[in-house]
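1. Just to be clear, the model below is a prediction. Sequence and coordinates:
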Amino acid sequence: MDTITVRFIQPGPMGPRLDLEVQAVADGRSLMKVAVDAGLDAIAADCGGVMTCATCHVIVPPSWLPRLDPMSADEDTMLDYTAVPRQPGSRLSCQIRLRPELDGLQVELPQRQY
Ligand code: FES
């Protein structure tokens, strides 16, 4: 089973800063699950991944967006309910399935999830 590295970037007063780098097994588990298991408070994930909370919001840089699975209509709808207004790269991390091709994936965290 491939192990990949994913990076979570948190906004800081002097610009983005690397907050957490996590090794994850690329077995289709969600980015949200990896963040929660790593104890990353910035991903609340209140609904546990059934796409009813929008508290697992992340912003994906443009270069990574084409490599992710396409957004479903339900995810698109839920992104209208994020605490920080959605941006062009906004995704719900519970809908990002980790595959070997996503090694090095870097996502930004919003200022807040509530
Ligand atoms: S964990 Fe609730 S929408 Fe992603």
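-> All right, it came through fine. Numbers count the residues shown, from 1 in each chain.
2. what does this protein put close to the ligand?
-> 32, 45-47, 49, 51-56, 78, 92, 94 (CB under 6 Å from any ligand atom). Just so you know, the C-beta spots here come from the backbone N, C-alpha and C atoms, and that holds for glycine as well.
3. rerun that using 8 Å as the cut-off
-> 32, 43-56, 78, 92-95 (CB under 8 Å from any ligand atom).
4. which ones are touching the residue positioned nearest the centre of the chain?
-> For the chain, the residue sitting closest to the mean C-alpha position, by CA atoms, centre = their mean, is Ser93 at 3.4 Å. Contacts for Ser93 (CB atoms under 8 Å, 6 or more residues apart in numbering) come out as 30-32, 35, 43, 45, 56-58, 107.
5. Show the low-confidence segments of this protein, by residue range.
-> Counting by pLDDT under 70, the chain shows low-confidence ranges at 15-16, 18.
6. Quick one: the helices in it, in order.
-> In the chain, the segments counted as helices under DSSP state H are 31-37, 73-78.
7. And these: which comes nearest Arg86?
-> When the helices of the chain are compared by CB to CB, helix 73-78 sits nearest Arg86, at 9.3 Å.
8. wait, Cys53 sits on Leu79?
-> No. Using CB atoms under 8 Å, Cys53 is not in contact with Leu79, being 11.8 Å away.
9. can you map out the strands along this protein?
-> Secondary structure of the chain (DSSP state E): strands located at 3-10, 17-25, 57-59, 90-92, 106-108.
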